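> Here you go, sequence then predicted model.
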Number of protein chains: 2
Amino acid sequence: MDTAIPTPAPRRNSAGKREQTKAQNRQLILDAARGVFAEMGYGAATVRDIIRATPLASGTFYNYFKSKEEIYQAIRDEVALAIRPLLREERMKATTVEEFISGTFRTFFEFVASDRIDFRTIRHSADTTRVRVDTPEVIAGFDELREDIETAMARGMFAPVDADYLMAAIAGVAFEVAESMMRREVPDPAGAAVFATQLFLGGIRTLPHKRAAAPGG
Amino acid sequence: MDTAIPTPAPRRNSAGKREQTKAQNRQLILDAARGVFAEMGYGAATVRDIIRATPLASGTFYNYFKSKEEIYQAIRDEVALAIRPLLREERMKATTVEEFISGTFRTFFEFVASDRIDFRTIRHSADTTRVRVDTPEVIAGFDELREDIETAMARGMFAPVDADYLMAAIAGVAFEVAESMMRREVPDPAGAAVFATQLFLGGIRTLPHKRAAAPGG
DNA sequence: TCGATCCGTGACGAACCGTCAACTTTTGCG
DNA sequence: CGCAAAAGTTGACGGTTCGTCACGGATCGA
């Protein structure tokens, strides 16, 4: 107590070297996996392909992830963890059903269209097989949506309806329209959001018209 | 040339034995695959598991299907081929947008809830991984839907809107709500159809109310 | 009845998986 | 500093699945 605290201080402001290397390696592997998945698709990729894209040895992979599926889940989780607070905040500040719906779709489509995610990794086999992994983090996102729907109904923002179906409908439209949007030359998150929002608020007959082929030729 | 057509007639009303065996074997393998996929999920199943569930040898599998993915596609195709004409017919006889939308959803949900398909095979790994294979047959189903949407718009059943997005929205709601429906104790295709139809026709505020907890306490 | 053709068979080589004993680096402590 | 314990890395290994292929038996056409 009285003499001197014997400077146990060699602690750098950052972590120890071992911990630092672990974080680096994990990131190294995650980055490699993203690249490999985007390039050849989830199905065709092997754990060896991923590790070959790093300077590490094959056994090391398994110190960080149990399998190809688990690292894919980790990548999905990064996305889920990034978008969930954005969606939640948007819905929290909504006071009308219009804000609730439009905020949800606008945030979702903008996130998907942003370069924050590589959409090929999400769809991740551009050809025929689409794998969707529902990790706890992803499921938590769905649960939050249903909670928020129920809260909004309780607050009288709209009449009580089947929350499970409504959640499913919102999620289905979000995912499928996002996919359609990303197939276009230049994705238009705003347009997709307007479409989805108006569909939910007023139904098909209130959707913005799309002008037909130019009349003048 | 001129003498007599030498009765090439030993043709039975059905096909030759070879052809018959081939059809049998193919069906044998398909049935086994359905069972195996339903039991242990697509990811965990191996080609050997499937062939072990038949009296055939391992090599024979590859005379009929190139891989596990291909046989899964074949199973999906059976479903797609079964439901597509039903959907098409329903949409063909629609004269109003109400009939178009409600016919589509009702037919889809009833088909899913019927025992004509094993829904576990479609979702087919109940736990975390969902694989969706977009085979040509499946894609053709989407194309038909978009065609029919465009035809309906041309006929003035509703104003011209973005057909890609509308198709995506219908498909997204159909698949996700179907999944939600099938998670219930007793699936209610009629209820799901009413929900989806009303969502598309009038928007969220016109959905049938779900009575809240009994008001009288 | 007899060749030609087709198809089922199961063993085989290749590829990938996940593990593990040996080795290297880091850490804690005198 | 030096040393022993702890932690992490390495790559080779046994086990499993994959897809092929040479063989042999069944079917077909004449």
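Right, received. Where do you want to start?
> element containing the most centrally placed residue in chain A, please.
Closest to where the C-alpha atoms of chain A average out (CA atoms, centre = their mean) is residue A:79, at 3.5 Å. Per DSSP states H and E: residue A:79 is located in helix A:68-92.
> Give the next helix or strand downstream of that helix.
Remark: after helix A:68-92, the chain's next helix or strand is helix A:97-113, criterion DSSP H and E.
> Output that following helix as PDB - backbone C-alpha positions only.
Once non-C-alpha atoms are left out, helix A:97-113 reads as follows in PDB (Å, rounded to 0.1, in the frame of the first residue of the first chain):
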ATOM      1  CA  VAL A  97     -48.100   3.500 -38.600                       C
ATOM      2  CA  GLU A  98     -46.800   5.400 -41.600                       C
ATOM      3  CA  GLU A  99     -43.600   6.200 -39.900                       C
ATOM      4  CA  PHE A 100     -43.300   2.700 -38.600                       C
ATOM      5  CA  ILE A 101     -43.600   1.000 -42.000                       C
ATOM      6  CA  SER A 102     -41.700   3.600 -44.100                       C
ATOM      7  CA  GLY A 103     -38.900   3.800 -41.600                       C
ATOM      8  CA  THR A 104     -38.500   0.100 -41.500                       C
ATOM      9  CA  PHE A 105     -38.300  -0.300 -45.300                       C
ATOM     10  CA  ARG A 106     -36.300   2.800 -46.000                       C
ATOM     11  CA  THR A 107     -33.600   1.800 -43.500                       C
ATOM     12  CA  PHE A 108     -33.500  -1.800 -44.700                       C
ATOM     13  CA  PHE A 109     -33.200  -1.100 -48.400                       C
ATOM     14  CA  GLU A 110     -30.700   1.700 -47.800                       C
ATOM     15  CA  PHE A 111     -28.600  -0.700 -45.700                       C
ATOM     16  CA  VAL A 112     -28.700  -3.400 -48.300                       C
ATOM     17  CA  ALA A 113     -27.800  -1.000 -51.200                       C
END
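> Pull out the buried residues from that helix.
Counting neighbours by 16 or more other CB atoms under 10 Å in any protein chain shown, one finds that the buried residues in helix A:97-113 are A:97, A:99-113. C-beta: built from backbone N, CA, C; applies to glycine.
> got it, and stretch A:63-83?
Taking 16+ other CB under 10 Å as the basis for neighbour counts, the residues of stretch A:63-83 that come out buried are A:64-65, A:68-69, A:71-77, A:79-80, A:83.
> can that stretch be found next to DNA strand C?
Yes. Judged by CB under 7 Å from any atom of the strand, stretch A:63-83 comes into contact with DNA strand C through A:66, A:67, A:68.
> and that stretch, does that touch chain B?
Yes. Contact of stretch A:63-83 with chain B is found when judged by CB under 8 Å from any CB of the partner chain, involving A:69, A:73.
> Quick check: mean pLDDT of that stretch?
Averaged across stretch A:63-83, pLDDT comes to 92.
> what do you get for stretch A:142-158?
Averaged over stretch A:142-158, pLDDT sits at 95.
> In three-state terms, how would residue A:157 be classified?
Using DSSP: H, G, I helix; E, B strand; the rest coil, the three-state assignment for residue A:157 comes out as coil.
> in chain A, which spans are helices?
Secondary structure of chain A (DSSP state H): helices located at A:17-44, A:47-52, A:58-64, A:68-92, A:97-113, A:119-123, A:136-154, A:163-182, A:189-202.
> Worst mean pLDDT among those?
Here the lowest mean pLDDT among the helices of chain A goes to helix A:119-123, at a mean of 62.
> Give me the phi and psi angles of the residue in chain A positioned nearest to DNA strand C.
Nearest to DNA strand C in chain A, going by CB to the nearest atom of the strand, is residue A:16, at a distance of 2.7 Å. Geometry field for residue A:16 lists phi and psi as phi -70, psi 170, criterion degrees, to the nearest 10.
> so who does it touch?
If a contact means CB atoms under 8 Å, 6 or more residues apart in numbering or on different chains, then residue A:16 has no contacts.
> Look up how far chain B lies from it.
34 Å (CB to the nearest CB, to the nearest Å).
> so what's that residue scoring on pLDDT?
We note a pLDDT of 82 for residue A:16 in this prediction.
> Map the structural domains onto the sequence of chain A.
In terms of domains, chain A is parsed into A:15-65, A:73-205 (source: automatic domain parsing).
> Run the chain-centre distance for the first one.
The gap between the average C-alpha position of domain A:15-65 and the chain average comes to 20 Å, counting by CA atoms, centre = their mean, to the nearest Å.
> and the end-to-end length of it?
22 Å (CA to CA, to the nearest Å).
> contacting residues around the closest residue to residue A:86 other than its chain neighbours?
What sits nearest to residue A:86 in space, not counting adjacent residues and going by CB to CB, 6 or more residues apart in numbering or on different chains, is residue A:107, at 5.2 Å. If you count contacts by CB under 8 Å, 6+ apart, residue A:107 has them with A:83, A:86, A:87, A:90.
> Count the residues that sit near residue A:27.
Residue neighbour count, defined by other CB atoms under 10 Å in any protein chain shown, stands at 11 for residue A:27.
> quick one: which two of the buried residues of helix A:97-113 are the most distant?
Every pair in the buried residues of helix A:97-113 was compared (CB to CB); the two farthest apart turn out to be A:97 and A:113, at 24.4 Å.
> Give me the distance between residue A:54 and DNA strand D.
Between residue A:54 and DNA strand D the distance is 8 Å, computed by CB to the nearest atom of the strand, to the nearest Å.
> Could I get the phi/psi values of that residue?
Backbone dihedrals for residue A:54, given as degrees, to the nearest 10, come out at phi -130, psi 170.
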